[in-house]
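A.B. asks: A predicted structure for the sequence below; I have some questions about it.
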Amino acid sequence: MARLTRPRRALSTNPLKSSAPLGAAMAYLGIEGAVPLFHGAQGCTAFAMVHMVRHFREAIPLQTTAMNEVSTILGGAEQIEEAIANLKKRADPRFIGIASTALTETRGEDVAGEVAGIMARRPDFADLKVVYASTPDFDGALEDGWAKAVTAIIDALVPDIDPMWRDADLRQVNVLPSANLTPADIEEITRLIRSFGLKPIVLPDLSGSLDGHLAEDWSGKSLGGTPLDALPAMAQSAVTFAIGESMRGAAELLGRRGHMPVQVFPALTGLTAVDGFVSALMNVAGTADAPPAIKRDRARLQDAMLDAHFQTGGLKYAIAADPDLAYALSSALAGMGARAVSCVTTSPANPIVAQIPCQTAILGDLGDLEEGARIGGATLLISHAHGRHAAAALQLPLIRAGFPINDRLGAQDICRVGYRGTRAYLFEVANAVLAHPHHAQPQDFGAAPIEQEFEHDRPQTAPH
Amino acid sequence: MSDALKQTVQDAFHEPACATNRAKSAADRKKGCAKPLTPGAAAGGCAFDGAKITLQPIVDVAHLVHAPLACEGNAWDNRGSASSGPMIYKTGFTTDLTELDIVMGHGEKKLYRAIREIVEKHAPPAVFVYSTCVTSMIGDDIAAVCKAATEAFGTPAIPVDVPGFAGSKNLGCKLGGEMMFRHVIGTMEPETTTDTDINIIGDYNLSGELWQIKPLLDSLGIRILGSLSADARYKQVAQMHRARLTMLICSHALLGLARKLEENYGIPFFEGSFYGISDTSQALRTMCAMLVERGAAPDLIDRCEALIAEQEAKARAALEPYRPRVQGKRVLLYTGGHKSWSVVSALQELGMEVVGTSVRKATEEDKARVIEIMGTDTHMFENMAPKEMYATLRASGADVLMSGARSQFVALKARVPWIDVNQEKHEPYAGYMGMVDLVRAIDRSLNNPMWADVRAPAPWQVARPFAGHRPRLKDRCPVSGIANDPNDFED
């Protein structure tokens, strides 16, 4: 179990972290008809937008309050109001999610107060939901920004139910996925839930908005996601499931609003983790049996574990990711006999870090990953796409996980949760090992190489 | 913004060599060329982004961003400049300021230590230190830190004091050049010089475009002594003041730098472009003529003409097979600068029709050139909202969109081919061979059989005159095992 360490140095080499406002923007994009709005300078938005465009390969409707030097000093309330008015005119969104940035947070603005004031004095904004989350870049990572945005959405749009009059829908389940879950992950989770006859409400739901589909028209806002009417209905659900420890705060707030039980699943990757989730679903559904398709998926995962354990047993790897993702992927591999020789993570705020199966978790960057992998003798790296430099330097295979994956297509389709996703993940790891076979040489065992004089002196063609 | 920075920005806007600037009134000139940004309707990078675009291609320098995470964390490893050697420019260095650093005022100390860590570990010829909005707002004096670090560690630490909120990307490019003029150019002397040494300013060697040009220069014996910043080494910036000539590649942003090189070191400059056949030839001609004027051997001009004749013939021959494949296709051109119009004339030569072009950032001079090339001004438009562009493309207003990455998805989602012609593009299109590559890319995209399939209606969108027989429902469903009651069936 990992002890969190912070390297004593001033320089960050090849950042691992993506910023908190970016995470918030991504969460907002999981709401139907949404436009996220950064309260900051134009450049903050441009960088974040390009980052997401390259990952999802979609147009990303991210906007900015375009703070300049003067508005930074005098305060940006007018900029926010003007931005909302302009967005309404251009894209006609139903929902605007505001995320602050380092610039406005360093000045210290009361944005929540300003937004309340704006909404009160602008009747023409009445049909628009505006939510604000404080997400300075200098505090936390993508995962934290996402969680803060989800908390802000719940706080603003899920009503406080009077427990006396609670009209519960006992077949309805709330799901709060953490930032590392892909659209395909969310689809797999909702499939599991539906297979027990339950109805999930996912907040936020990227599986409808950033799954990569060709729409019939140009919209300028998110192409799908959690419907706005579903948000108040969340208060009526039977239970709230948080997937990822980072979502605990948001889930507890939702639980308090709707007076319902809350259960946090740190991960849904790995047989035991998925078993726990399925067992919880069986409880809610009031059944002692599971549908045939689920049973078959589990049996197939068991078989995959048997096939893959030859490659994963004793495998030494290094991983760099946000805490929830690092935990999910490494705990599943620990269950398969693999050993993390180095773990680098981004946010000190998430207590799950202590549970990561590695001696230490470094609050660091991809430079630390490279060094840790080299010293620990790793034969596999797991990180987002920027890890390719370390992989190239160490000549190791890289499994891309997290954000961004901007040098491959189909990042939204990667599924590593549930019985099926875990099976795919184990095969992926085993195949990465198989694709980099080690050809034994006499020197590996301390033997001298064969005498040069025995070698045929004509150049040989490579064997097949 | 500090007063020093303010003055720098003012000076950058006052550019006597810029035609656009000269045409303005004194009041307009004072406002500068930055347009005010509209909240909720703004797009594009900041000044820091611009400075990074201009300077990061210097490949052997360590680029250190003094900022909270986002400025570098969300942006590093994102640019396509190629290097023929050192790779340190691709490494993302940042001080990653935390809340504690900012509140306690640890910024300057952290920066100083970060510079030391870079020098100790990587020993680059120089460290460029970029300031950003937050570090500028809390008043970190990066110039002072750089001065102290340079003295202490013996490696030049160069302050690039261009925080994002100073203005637009374009301004950032300008100021990036200005920082080089102030702190780097003229600080080193070349071992040897020739009378055919040139500077190339404003090219960033995206996907290796410089190397499509370099063989031409090599065969004429012209040496790239100074570069800002295509495949540049630190020395190539520091020694720029010894070149005989500067070629400014379609860049209004770095005009000021070219002018200052002329005023301070007597290096004349010309503006040229390597996009399109005619512009490439024109650039080579001008370059050789000016070099001869400055004392190079006069036979350079004849050799240049011979090279142009040979290369043009080769390029035209290579393009000919594409004529039947692209003839009559309609191009919508949406790009900021004027650099693509030379490409337009080459496309027109191949029988393509340009149905529209944006003149967003164009000067009056540029507009005159569009009219000259296109014969009329009816196809010029100022700005097109994505929604409008989508509608145009969807209504088959054009067969292909040539633009920057920003409108990529507008075209693709409208089911129209898209060619990347901006600075983020992944294929090199410079010089004679680049033009052939561009046409090849257009052909490959336009004539991909995928388009017909993706535009075809789905089975349920097609009118079905005869719906066929619906089989009677009986027995059990083989998948779910549910029994169908034929009497329960509703249609």
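C.D. replies: That came through, no problem.
A.B. asks: once you drop chain neighbours, what's closest to the residue of chain A found nearest chain B?
C.D. replies: Relative to chain B, the nearest point of chain A is A:Gly43 (2.5 Å; CB to the nearest CB). Every residue, glycine included, has its C-beta placed from N, CA and C. Leaving aside its chain neighbours, A:Gly43 sits nearest to B:Cys46 (2.5 Å; criterion: CB to CB, 6 or more residues apart in numbering or on different chains).
A.B. asks: my guess is B:Ala70 contacts A:Leu103. True?
C.D. replies: No. In this structure, B:Ala70 is not within contact of A:Leu103 by CB atoms under 8 Å, at 9.6 Å.
A.B. asks: check contacts around B:Ala47.
C.D. replies: With contact taken as CB atoms under 8 Å, 6 or more residues apart in numbering or on different chains, B:Ala47 is in contact with A:Gly43, B:Val162, B:Pro163, B:Gly164, B:Phe165, B:Ala166, B:Gly167, B:Ser168, B:Lys169, B:Leu171, B:Gly172, B:Leu175.
A.B. asks: now, these that are in helices?
C.D. replies: Those of the contacts of B:Ala47 mapping onto helices are A:Gly43, B:Lys169, B:Leu171, B:Gly172, B:Leu175, per DSSP state H.
A.B. asks: closest to A:Ala354 out of those residues?
C.D. replies: A:Gly43 (36.3 Å; CB to CB).
A.B. asks: intersection of neighbour lists for B:Ala70 and A:Leu103?
C.D. replies: With CB under 8 Å, 6+ apart as the test, B:Ala70 and A:Leu103 both reach A:Cys44.
A.B. asks: what does the residue of chain B found nearest chain A show for phi and psi?
C.D. replies: Nearest residue of chain B to chain A: B:Cys46, at 2.5 Å (CB to the nearest CB). Main-chain dihedrals, B:Cys46, degrees, to the nearest 10: phi -110, psi -180.
A.B. asks: my guess is it meets B:Asn170, correct?
C.D. replies: No. In this structure, B:Cys46 is not within contact of B:Asn170 by CB under 8 Å, at 10.6 Å.
A.B. asks: coming back round to it: so for B:Ala70 and A:Leu103, which sits in the more crowded spot?
C.D. replies: B:Ala70 (34 against 30; other CB atoms under 10 Å in any protein chain shown).
A.B. asks: is the host helix or strand of that one in proximity to chain A?
C.D. replies: In the assignment (DSSP states H and E), B:Ala70 maps to helix B:69-73. Yes. Helix B:69-73 is in contact with chain A by CB under 8 Å from any CB of the partner chain, via B:Leu69, B:Ala70, B:Cys71, B:Glu72, B:Gly73.
A.B. asks: tabulate those residues (CSV), appending pLDDT.
C.D. replies: Output for the residues of helix B:69-73 next to chain A, formatted as CSV (pLDDT from 0 to 100):
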residue, pLDDT
B:Leu69, 85
B:Ala70, 85
B:Cys71, 89
B:Glu72, 90
B:Gly73, 87
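A.B. asks: so which residues of the stretch 51-200 of chain A form strands?
C.D. replies: A:63-64, A:95-100, A:129-133, A:169-177, A:199-202 (DSSP state E, counting those that start in this stretch).
A.B. asks: repeat that for the stretch 351-464 of chain A.
C.D. replies: A:360-363, A:380-383, A:398-400.
A.B. asks: need the residues that contact the shortest one.
C.D. replies: This means strand A:398-400. Under CB under 8 Å, 6+ apart, the answer for strand A:398-400 is A:380-385, A:387-388, A:390-391, A:408, A:411, A:414, A:428-429, A:432.
A.B. asks: each with direction, which strands does it pair with?
C.D. replies: Strand pairing for strand A:398-400, using DSSP bridges, gives strand A:380-383 (parallel).
A.B. asks: for the partner strand, what does the pLDDT average out to?
C.D. replies: For strand A:380-383, mean pLDDT rounds to 98.
A.B. asks: ok, stretch B:181-200 next?
C.D. replies: The model assigns stretch B:181-200 a mean pLDDT of 96.
A.B. asks: count the residues that sit near residue 415.
C.D. replies: Going with chain A. A:Cys415 has 22 nearby residues by other CB under 10 Å.
A.B. asks: that's the other chain; I wanted chain B
C.D. replies: 16.
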